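>>> Below: sequence and its predicted model.
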4 protein chains.
Amino acid sequence: MDGFQKRKEQKKRNILEAAQQLFMTYGVQKVSIAEIAKKANVSQVTIYNYFENKHSLINEVFIYYVDEALKEFETTVFSDVPFPEKIKKMIFSKKRVANEIHHEFYEYLMKEYSNDGNYIERIYEEKAVPYFTHLFNEGKEEGYLNPELSHEAILFYLKMLSEYIQREDVYRHILPLTEDITRIFFYGIMGQD
Amino acid sequence: MDGFQKRKEQKKRNILEAAQQLFMTYGVQKVSIAEIAKKANVSQVTIYNYFENKHSLINEVFIYYVDEALKEFETTVFSDVPFPEKIKKMIFSKKRVANEIHHEFYEYLMKEYSNDGNYIERIYEEKAVPYFTHLFNEGKEEGYLNPELSHEAILFYLKMLSEYIQREDVYRHILPLTEDITRIFFYGIMGQD
Amino acid sequence: MDGFQKRKEQKKRNILEAAQQLFMTYGVQKVSIAEIAKKANVSQVTIYNYFENKHSLINEVFIYYVDEALKEFETTVFSDVPFPEKIKKMIFSKKRVANEIHHEFYEYLMKEYSNDGNYIERIYEEKAVPYFTHLFNEGKEEGYLNPELSHEAILFYLKMLSEYIQREDVYRHILPLTEDITRIFFYGIMGQD
Amino acid sequence: MDGFQKRKEQKKRNILEAAQQLFMTYGVQKVSIAEIAKKANVSQVTIYNYFENKHSLINEVFIYYVDEALKEFETTVFSDVPFPEKIKKMIFSKKRVANEIHHEFYEYLMKEYSNDGNYIERIYEEKAVPYFTHLFNEGKEEGYLNPELSHEAILFYLKMLSEYIQREDVYRHILPLTEDITRIFFYGIMGQD
DNA sequence: AATGAATGAGGGTTCATTCAT
DNA sequence: GATGAATGAACCCTCATTCAT
């Protein structure tokens, strides 16, 4: 890729990142193309040179986002730390992790253009699920996971937790509860005697 | 309250309910005043006669909604069923329960008009928290709750679970996992021997 | 129809007429909603309150236009003047006559929304054609029309002539030719001896 | 002209022809510079290297078009067929002939940039009119033309007919009427006894 | 109190045209 | 000379809100 292409890619990435930030802060619908253009320091039309329309942009932001999250997730899963640490990291990492798909994006795509969502979902199944399987098997071998539990149920909790914690309004409130939340995840509200 | 007032109240309630339904189906931003007016069989201006502006309407819908949820919650807490049943009901009831505040409403109010949210929050604290305390004490007495856990942490899980499950897209996928999810909530992913 | 309705109708007519004039002067595409609004002394949105979108407006202008032309045409056909006079009037009347459908309108509707055109065409066939038949029969009886000629061919000339003459740029140039043009229509370029 | 110049000329012609085709199919206004560039396989800027702006391009396309038509016209006029055949050919040739100037082009130039039109008109007068004179004299000599008729009036009919028939929507409908239309042109609607 | 009518502000999108390489 | 990238202006249309009855 020559310098020309490179700069183009860079600009596209700028737009994507500006859009991503704004989308996450204000929601997809509230953000206008004009705002994104301003934040990315380009004209509105430039955005249209890179993306067919707003929906395309949203879609690409979404893919960009999921890709980045997947990478981070992979790193965590194959890192050299004990199982509980991995779990903790996945739950509380304020950085986005793969098992979490921001709610509004998802709903938006699902509702408005239901077919596109499937594409995302497919990628997700193909890439993320194997990582989870790996992780859960590790957990079981080390005795941290009740082998009778279905992967789906555990996954459900993980997704829910990390997605929920991702939310600004939530995150602020639960920082002091970190320990207890982890405990509940591992031992339940009943705890162990 | 005379018949006049009564009819007036009724009309207001019509508007609130029309708005609520539309908000929940399409999201707050996607719903226009015109649509609400149509669904409530009134003119747009009539809505402005009852509510200062769209935000006021959203706010009142929100309050209306929380009130209804609180009532339902109260019924559950003081009902004559075992503790685990109550928990299950709170988590999986597809009907709205008080510990759950619909995501988009909440975010909307928080983000756009952060002061108003406090009002809601205050009501919430004053009414809902005591119910929770009652519930959790009952749980502890009956040995279902690890007394070392903070109420906040348990509450966090409850809210998260019920809110998350409320989502259409989630609900469909986790019905078969009901048992496991409850189990994790009570005993954690590690389970008990 | 009460005064309320009446004023509404009047306003709609204002918009239609403003639009019609602009369309005829500058062509359908060159005219913006803003211009029409300005000329009709209303806001842009008011136009959208009366017409679904620009295409709807064009369509209604078109119908309005055809209707008026039909009325005028009817008057001419059943008026108490000799056949050649009627023909002359139909050809040279700078006012629009029914056998003429402005080119750009027609092309626009045909090209962009080909189904709508059929509706117009149907009305046209049902209403205009009988008038023409009446006129042509009169012409034949009085010996002004070669009975061997098909109605279609004569109609073709009539439409063509009046539509063509309607054009500003053409009209200016052919005023002095009126007599000859009529002559050619009746007797052809060969003339009669 | 060296090979360099030649290639340059070729490129310019490519652009002109691409533009002409698009203009005739979709109308002048509907065609964007981007589309022309795509069809001519050049960049948008290249078009601006050859033509000052869109209007210049339209203008040159127009001239290009008239030139081609003139050539064709010349061929017809001086061809070795009887007068009536020439006339028929000029009227019904679906190929463009010189006495016809495509409506939209003409209107566009006349309306938007009325001064330029004169230039075209001048060329037209200087080149086309002599051909017509030649043709009409031939017609008179052979007894096909009423010598009392002004050339202008006959020309008017010719232009009108060929231009009108050029229109897609018209052409389809009048094919079966060819004979009658010619007859009317020669003998009028009254016919001859 | 209720409504039909009207509107200013703003959103997404397109286009002719220019900049920079 | 040729191009990819960038843009200001304009267009169609929507929406929360107000006016006038």
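Received, thanks. Numbering: from 1, shown residues only, chains lettered A, B, ... in the order given.
>>> OK, contacts around A:G191?
When contacts are counted by CB atoms under 8 Å, 6 or more residues apart in numbering or on different chains, A:G191 touches A:183, B:146, B:148-149. Bear in mind the C-beta positions are built from the backbone N, C-alpha and C, glycine included.
>>> Can you name the residue of chain A nearest chain C?
Relative to chain C, the nearest point of chain A is A:N53 (18.8 Å; CB to the nearest CB).
>>> What is the neighbour count of that residue?
Residues within reach of A:N53, counting by other CB atoms under 10 Å in any protein chain shown, total 11.
>>> Got the phi and psi for it?
phi -160, psi -180 (degrees, to the nearest 10).
>>> The one 10 residues further on now?
Backbone dihedrals for A:I63, given as degrees, to the nearest 10, come out at phi -60, psi -50.
>>> Same check on A:L149?
According to degrees, to the nearest 10, A:L149 has phi -80, psi 140.
>>> Quick check: chain neighbours aside, which residue is closest to it?
In space, and not counting its chain neighbours, A:L149 is closest to B:D180: 5.5 Å by CB to CB, 6 or more residues apart in numbering or on different chains.
>>> Hmm, the one you found is touching A:L155, no?
No: contact criterion CB atoms under 8 Å: B:D180 and A:L155 do not qualify, at 10.6 Å.
>>> Which one of these two is surrounded by more residues?
B:D180 (21 against 18).
>>> Output the strand or helix carrying the more buried one in PDB with nothing but the alpha carbons.
Assessed by DSSP states H and E, B:D180 sits inside helix B:178-187. Extracted in PDB, the C-alpha atoms of helix B:178-187 (Å, rounded to 0.1, in the frame of the first residue of the first chain):
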ATOM      1  CA  THR B 178     -33.800 -20.100  32.400                       C
ATOM      2  CA  GLU B 179     -32.800 -22.900  34.800                       C
ATOM      3  CA  ASP B 180     -29.100 -22.400  34.400                       C
ATOM      4  CA  ILE B 181     -29.300 -18.600  34.700                       C
ATOM      5  CA  THR B 182     -31.200 -18.900  38.000                       C
ATOM      6  CA  ARG B 183     -28.700 -21.400  39.200                       C
ATOM      7  CA  ILE B 184     -25.800 -19.100  38.400                       C
ATOM      8  CA  PHE B 185     -27.500 -16.300  40.200                       C
ATOM      9  CA  PHE B 186     -27.900 -18.400  43.300                       C
ATOM     10  CA  TYR B 187     -24.700 -20.500  43.200                       C
END
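>>> What are the contacting residues of it?
Residues outside helix B:178-187 that contact it (CB under 8 Å, 6+ apart): A:146, A:149-150, A:152-154, A:156-157, A:184-185, A:187-190, B:84, B:87-88, B:91-92, B:144, B:157, B:161, B:174, B:191.
>>> Buried subset of those residues, written for PyMOL?
The PyMOL selection below is limited to those of the contacts of helix B:178-187 classed as buried (16 or more other CB atoms under 10 Å in any protein chain shown):
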select buried, (chain A and resi 146+149+153+154+156+157+184+185+187+188+189+190) or (chain B and resi 87+88+91+92+144+157+161+174+191)
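>>> Among the contacts of helix B:178-187, which are located in strands?
Among those, no member is found in strands (DSSP state E).
>>> just to revisit the earlier point, if I look at the residue nearest to A:L149, how far off is A:L145?
Between B:D180 and A:L145 the computed distance is 12 Å (CB to CB, to the nearest Å).
>>> do A:L155 as well
12 Å.
>>> same deal with A:H151?
As judged by CB to CB, A:H151 and A:L145 stand 9 Å apart.
>>> In terms of neighbours, single out the busier of these two.
Per other CB under 10 Å, whichever of A:H151 and A:L145 has more neighbours is A:L145, with 23 against 16.
>>> Which helix or strand lies directly C-terminal to the worst-scoring helix or strand of chain A on mean pLDDT?
The weakest-scoring helix or strand in chain A, judged by mean pLDDT, DSSP states H and E, is helix A:103-112 (a mean of 61). Using DSSP H and E, the helix or strand that follows helix A:103-112 in sequence is helix A:114-141.
>>> What mean pLDDT does that following helix get?
The pLDDT scores in helix A:114-141 average 78.
>>> what about A:E52, is that helix, strand or coil?
Using DSSP: H, G, I helix; E, B strand; the rest coil, the structure places A:E52 in coil.
>>> returning to what we had before: what's the pLDDT at the residue of chain A closest to chain C?
For A:N53, the model assigns a pLDDT of 92.
>>> Per-residue pLDDT of A:I33, please?
95.
>>> quick one, what contacts it?
Contacts here follow CB under 8 Å, 6+ apart; on that basis A:I33 touches A:44, A:47-48, A:54, A:57.
>>> now do A:Y64
Residues near A:Y64 by CB under 8 Å, 6+ apart: A:16, A:20.
>>> Nearest to chain D within chain A, name that residue for me.
For chain A, CB to the nearest CB, closest residue to chain D: A:N49, 11.2 Å.
>>> tell me the pLDDT at that residue?
A:N49 carries a pLDDT value of 92.
>>> helices and strands around the helix or strand hosting it, which ones?
Per DSSP H and E: A:N49 is located in helix A:44-50. With contacts taken as 3 or more CB pairs under 8 Å, 6 or more residues apart in numbering or on different chains; DSSP states H and E, helix A:44-50 sits against helix A:3-26, helix A:33-40.
>>> Could you break chain A into its assigned domains?
In terms of domains, chain A is parsed into A:1-51, A:53-187 (source: automatic domain parsing).
>>> near DNA strand E, which residues of chain A?
A:31-35, A:44-45, A:48, A:53-55 (CB under 7 Å from any atom of the strand).
>>> out of the residues you listed, who's nearest B:K140?
Of all the residues of chain A next to DNA strand E, A:V31 has the smallest distance to B:K140: 46.1 Å, by CB to CB.
>>> which SS class is that closest one?
Following three-state DSSP, A:V31 is assigned to coil.
>>> is it true that it touches A:Q20?
No: taking contacts as CB under 8 Å, A:V31 lies outside contact range of A:Q20: 10.2 Å.
>>> what separates A:Q20 from A:I63, distance-wise?
As judged by CB to CB, A:Q20 and A:I63 stand 11 Å apart.
>>> nearest residue to A:Q29 other than its sequence neighbours?
Spatially, and ignoring its direct neighbours in sequence, A:Q29 is nearest to B:Q29 (4.9 Å; CB to CB, 6+ apart).
>>> Which pLDDT does the model give the one you found?
Looking at B:Q29, its pLDDT reads 85.
>>> What spatial separation is found between A:I36 and A:L57?
The value you get for A:I36 to A:L57, if CB to CB is used, is 8 Å.
>>> shared neighbours of these two, anything?
Shared contacts of A:I36 and A:L57 (CB under 8 Å, 6+ apart): A:15, A:19, A:47.
>>> Enumerate every residue touching the second one.
By that I understand A:A19. The neighbours of A:A19, taking CB under 8 Å, 6+ apart as the test, are A:31, A:36, A:40, A:57-58, A:61.
>>> give me that answer again for 7 Å
With contact taken as CB atoms under 7 Å, 6 or more residues apart in numbering or on different chains, A:A19 is in contact with A:36, A:57, A:61.
>>> residues near A:P176, how many?
A:P176 is flanked by 10 other residues according to other CB under 10 Å.
>>> give me the number of residues near A:Y124?
Neighbouring residues of A:Y124 were enumerated by other CB under 10 Å; the total is 16.
>>> how much space is there between it and A:V77?
15 Å.
>>> Could you list the contact residues of chain A toward chain B?
Counting by CB under 7 Å from any CB of the partner chain, the positions of chain A adjacent to chain B are A:29-30, A:103, A:110, A:144-146, A:148-150, A:152-154, A:156-157, A:160, A:164, A:169, A:174, A:177, A:180-181, A:183-192.
>>> if we can go back for a sec, going through the contacts of A:A19, which ones are buried?
Buried by 16+ other CB under 10 Å: A:36, A:57, A:61, out of the contacts of A:A19.
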